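# build me a structure from this.
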Amino acid sequence: MSRPQLTLGIAVLACGSLILCAAAADPKKPGKPRKATVQQKDSTPAEPDGKAGTAKPDADEDLGPWEVTERVELIYKEELKVAGEKTLSAKVQLKNKSEDDLPGKLVLVIDGSSVSGTKLHEPQGQFTETTPYLQMIPAKRKLEAGKESAARTLILTSDSPLSEKKAELEESPTLRWRAYTLTKPADLESDIVSHDKKVPGKDYTWGEMHRIMAIQDKATVDLVLKHDGAILGTGTSEDADGKLVIRVFASRGGMSKKIPGEIEGVPVEITVTGTINAGPAFSRVTYEEGRAAIPGTPEPEAAPGPEAEKASSTAAKGTSGTAFSTVQSGVPTSRFRRPVPIGVSAFNQTDVCAAGTLGCRCIGRDGSQYALSNCHVFGIVNAGVNGNAICQPSQGDNSCARPATDVIGNLSNLHRLQFFTAIASFRAAPINTMDAAIALCPAGMVDVSTPRVGYGTPSRFPQESLFVGMPVQKCGRTTAFTKGKIYSLNIETVVNFGSSRLARFRSCIGVQTQLRTPAFGAPGDSGSLVVTVADRRPVGILFAGGGYDTFLNPISPVLHRFGVGVDDGTGSKPVLGSGRMGTASGPVEQHKNVVIPLSK
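Below is the predicted model of the structure:
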């Protein structure tokens, strides 16, 4: 789903997404930035344990504010224009373009503009110190479907005279905004799915998909053991006609005559992936005209919409009509000014000269900020120790240098990977469900959104009801911004971490680009957060790849493991989702999310 652009004297993107935010537990008393190299005691978020402050399920009243940017259109009654030496002004209103009424309090968050150093003057409220808003609809009213709100005048103030920013003003400055309601929209419950309900856009139900997954689960171990490494694992997928099949992942070709054509009446198809590998990148990336100059690497995609076709506007936009609150540009291997965007180069600052990706910023129950990535990135495959410095960029992208100024946080917790050494012991091999680690970051070190070329700010609500064909996107260190589709679900497979370390993974998600080549991810993209194209809801963390396939761990169990939620910059309480290990295996109730209250 793309968001429209409105051009009335200025190019306005229908969603502002990157906000320069360092949320503290109490927005009125933001925490001061701490030295990144300081060792923090007891920095790991506590697990939910049933004691005071424990997460409570179905706590819908704690989930707001709810973003409704996708449902509204920004209309200009008066165009954005220079109103003074250091001020810009415009008169705006919101139109409800959805089929459902939107309840108040409906607010317009102003993240700034493409004119550097501008901010909203005299906001009527704010979620955090850096998320000011204008109230468009009072709390006791609603914006009916197809109707418009009353017009409001907004003023942006500049940190320096606008006469010094003529070049920025001449290039159709863009206003960055989002819309939220502080009252839960009644139609959110429409996302709830059941086993007898059809999967969106499919001819089969969630229950039928679960049945195929159960058959797949029973067949996996025997398939892997019988073929001595030639078969790595299985998943539930679709054939070319959209029919459910069991997908078998093979390390080499020539297996079609050795694998049964069907299992318990379910068709079987083979995908040759080669070895499925996980690990950091040890090679540098060079870029040519914004594209990673390595074979099979996709070029970052432009934002959809009429302006996206203009070459002059491509660099200033992200996907889905998303814009950003800072002017952080450059390739993902760059050293970014603080707070650094997500989806860029980061690694454990040890003597391992390698590279990975900072997936996203997370928020803990006490308002602390964390950076999320893989265990094999932040935790250097179990070798990391709590307190290790995490740097941006990775030292592998900085000529192996390790300056203290690159540190953005300290390793706080890692989920240890479990290995085995021979395929013959696959049946008894320990089972992994995630490759993940988090780092505690001082406020102001990590931002909530991607660089300019990327998808913007992820939603804090995990997407758990996944289906084959669902469009997804990511921003990563090597291949930058790519789009793809979920290709297979419920994957159980063998993943090679090198040095004779094999790992058995379950509940994985497989992603491919639409034409299979180039790949959705590449070495160095490990740790990238993958989100939906429609509304940027987190799906999983990229951790492995083989052939044209890229593999993810579902996000919800990861968030539960560390007791954090994806941070969207509003300062809202962390949302963990259901936490089911079978997150990618079928229907769950959307918006019935677990919330960990922030400390008062």
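# going forward, measure contacts between C-alpha atoms and count neighbours the same way
Fine.
# got the contact list for residue 379?
Residue 379 sits next to 348, 385, 411, 414, 437 when contact means CA atoms under 8 Å, 6 or more residues apart in numbering.
# among the residues you listed, which lie within helices?
Using DSSP state H, the subset of the contacts of residue 379 located in helices is empty.
# where do the strands of the stretch 51-200 of the chain begin and end?
Assigned by DSSP state E, counting those that start in this stretch, the strands in the stretch 51-200 of the chain fall at 66-67, 72-84, 87-96, 102-103, 106-113, 118-120, 125-126, 132-137, 142-143, 152-158, 175-181.
# re earlier: of the contacts of residue 379, which pair is most distant in space?
Greatest spatial distance in the contacts of residue 379: 348 and 414, 11.9 Å, computed using CA to CA.
# what's the neighbour count on residue 257?
7 (other CA atoms under 10 Å).
# residue 261 too?
Residue 261: 14 surrounding residues under other CA under 10 Å.
# that one reaches residue 255, doesn't it?
No - under the criterion of CA atoms under 8 Å, residue 261 makes no contact with residue 255, lying 11.1 Å away.
# using JSON lines, lay out the contacts of residue 379 together with pLDDT.
Listed next are those as JSON lines, based on pLDDT from 0 to 100:
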{"residue": "348", "pLDDT": "95"}
{"residue": "385", "pLDDT": "94"}
{"residue": "411", "pLDDT": "97"}
{"residue": "414", "pLDDT": "95"}
{"residue": "437", "pLDDT": "97"}
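# how much space separates residue 228 from residue 222?
Relative to residue 222, residue 228 is positioned 10 Å away (CA to CA, to the nearest Å).
# hang on, I meant residue 118
Noted for residue 118: a distance of 62 Å to residue 222, by CA to CA.
# neighbour count: these two, which is higher?
Between residue 118 and residue 222, counted using other CA under 10 Å, the more crowded position is residue 118 (21 against 13).
# just give me the longest helix of this structure.
Looking across the chain with DSSP H, the single longest helix is helix 206-226.
# domains in this protein, by residue range?
5-28+65-183, 56-64+187-195+335-600 (automatic domain parsing).
# re the thing from before, for residue 576, find the nearest of the strands of the stretch 51-200 of the chain.
Taking CA to CA, strand 66-67 is the member of the strands of the stretch 51-200 of the chain nearest to residue 576, at 15.6 Å.
# which strands border that closest one, and is each parallel or antiparallel?
Strand pairing for strand 66-67, using DSSP bridges, gives strand 175-181 (antiparallel).
# okay, angle between the partner strand and strand 106-113 too, please.
For strand 175-181 against strand 106-113, the angle by axes from the mean of the first three to the mean of the last three CA atoms, to 10 degrees is 160 degrees.
# most remote residue from this structure's center?
Distance from the centre of the chain peaks at residue 257, with 39.9 Å (CA atoms, centre = their mean).
# surely residue 65 touches residue 185?
No - using CA under 8 Å, residue 65 is not in contact with residue 185, being 10.3 Å away.
# so those two - more neighbours on which side?
More neighbours surround residue 65 than the other of residue 65 and residue 185, with 21 against 16 (other CA under 10 Å).
# which non-adjacent residue is nearest the more buried one?
Distance criterion CA to CA, 6 or more residues apart in numbering; nearest residue to residue 65, sequence neighbours excluded, is residue 182 at 4.6 Å.
# would you check how far apart that neighbour and residue 538 are?
Noted for residue 182: a distance of 22 Å to residue 538, by CA to CA.
# next one: residue 152
Distance, residue 152 to residue 538, by CA to CA: 33 Å.
# neighbour count for those two, which is higher?
residue 538 (26 against 16).
# what's the spacing between that one and residue 482?
15 Å.
# what does residue 373 give?
Applying CA to CA to residue 373 and residue 482 gives a distance of 18 Å.
# so between the two, which is more surrounded?
Neighbour count, other CA under 10 Å: between residue 373 and residue 482, residue 373 has more, with 31 against 26.
# pretty sure the more buried one sits against residue 525.
No - counting by CA under 8 Å, residue 525 is not a contact partner of residue 373; they are 10.1 Å apart.
# now do the shared contacts for those two.
residue 357.
# make sure residue 198 is actually in contact with residue 205.
Yes - applying CA under 8 Å, one finds residue 198 in contact with residue 205, separated by 3.9 Å.
# tell me which of the two has more neighbours.
Ranked by neighbour count (other CA under 10 Å), residue 198 and residue 205 place residue 205 first, with 19 against 16.
# distance of the more buried one from residue 534?
Using CA to CA, residue 205 is found at 22 Å from residue 534.
# now do residue 163
From residue 163 across to residue 534, the span is 39 Å (CA to CA).
# beta partners of residue 154?
residue 90.
# how many residues are close by it?
For residue 154, the neighbour count with other CA under 10 Å is 18.
# all strands for the stretch 201-350 of the chain, in order.
Using DSSP E, counting those that start in this stretch, strands in the stretch 201-350 of the chain cover 231-238, 244-250, 262-263, 266-272, 287-288, 291-292, 322-324, 344-348.
# need these in a markdown table (columns: distance to residue 334).
A markdown table is the format used below for the strands of the stretch 201-350 of the chain (distance: least, CA to CA, whole Å):
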| stretch | distance to residue 334 |
| --- | --- |
| strand 231-238 | 36 |
| strand 244-250 | 35 |
| strand 262-263 | 49 |
| strand 266-272 | 34 |
| strand 287-288 | 11 |
| strand 291-292 | 13 |
| strand 322-324 | 17 |
| strand 344-348 | 7 |
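# residue 136 is nearest to which of these?
strand 322-324 (21.2 Å).
# between residue 163 and residue 534, which is the more surrounded one?
Per other CA under 10 Å, whichever of residue 163 and residue 534 has more neighbours is residue 534, with 15 against 11.
# how far away is that one from residue 454?
14 Å.
# report the longest strand in the protein, please.
strand 480-496 (DSSP state E).
# just the CA trace of that one, in PDB.
Output of strand 480-496 as PDB, limited to C-alpha atoms (Å, rounded to 0.1, in the frame of the first residue of the first chain):
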ATOM      1  CA  ALA A 480      20.300  -1.100   1.800                       C
ATOM      2  CA  PHE A 481      16.600  -0.900   1.100                       C
ATOM      3  CA  THR A 482      15.000  -3.900  -0.500                       C
ATOM      4  CA  LYS A 483      11.400  -5.200  -0.900                       C
ATOM      5  CA  GLY A 484      10.300  -8.800  -1.200                       C
ATOM      6  CA  LYS A 485       7.600 -11.300  -0.300                       C
ATOM      7  CA  ILE A 486       7.300 -14.000   2.300                       C
ATOM      8  CA  TYR A 487       8.100 -17.100   0.400                       C
ATOM      9  CA  SER A 488       7.800 -19.800   3.000                       C
ATOM     10  CA  LEU A 489       6.700 -20.200   6.700                       C
ATOM     11  CA  ASN A 490       7.300 -22.500   9.600                       C
ATOM     12  CA  ILE A 491      10.700 -23.300   8.300                       C
ATOM     13  CA  GLU A 492      12.900 -25.800  10.200                       C
ATOM     14  CA  THR A 493      16.400 -26.000   8.800                       C
ATOM     15  CA  VAL A 494      20.100 -26.500   9.300                       C
ATOM     16  CA  VAL A 495      22.100 -23.200   9.400                       C
ATOM     17  CA  ASN A 496      25.900 -23.200   9.000                       C
END
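# gap between that strand and the chain center?
Taking CA atoms, centre = their mean, to the nearest Å, the mean C-alpha location of strand 480-496 is offset from the chain mean by 15 Å.
# what's the answer for stretch 422-440, then?
23 Å.
# do the same with stretch 531-551
When distances are taken as CA atoms, centre = their mean, stretch 531-551 is centred 9 Å away from the chain's centroid.
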